[in-house]
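S.K.: Next input, structure requested:
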Amino acid sequence: MIEAIVDGGSLKRVLIADPGTGYPVDTSTQIVVQGDGANAAFTPVIYDGKLVDVLVENSGEGYNTIILNVVGNGTGASC
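M.R.: Purely as a prediction, here's the structure:
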């Protein structure tokens, strides 16, 4: 499970409770953003098939709610 921490409308960091398994280290694993703000962008960090970190490339703006979904060939790392 991953959880977005939002403060002042911008995403500050992402917490990972379940890293999942079987995610490839390539561009097929992505973090998809849903919410009421705009421009948030993330890069997943995969190690040994697990989501071990999420880099915040752009914290976005105007978020009151945000849902992050991990999309890729692995399983288990979801919100």
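S.K.: residues near residue 44, how many?
M.R.: Other residues within reach of residue 44, judged by other Cβ atoms under 10 Å, total 24. C-betas here are computed from N, CA, C, even on glycine.
S.K.: same deal with the one 5 residues further on?
M.R.: In terms of burial, residue 49 registers 17 neighbours under the definition other Cβ under 10 Å.
S.K.: List the contacts of it.
M.R.: 21-24, 74 (Cβ atoms under 8 Å, 6 or more residues apart in numbering).
S.K.: does residue 24 sit in a helix, a strand or a coil?
M.R.: Three-state assignment for residue 24 (DSSP: H, G, I helix; E, B strand; the rest coil): coil.
S.K.: what about the residue nearest to it when sequence neighbours are not counted, neighbour count?
M.R.: Computed as Cβ to Cβ, 6 or more residues apart in numbering, the closest residue to residue 24 that is not its neighbour in sequence is residue 73, at 5.8 Å. By the other Cβ under 10 Å criterion, the neighbourhood of residue 73 contains 11 residues.
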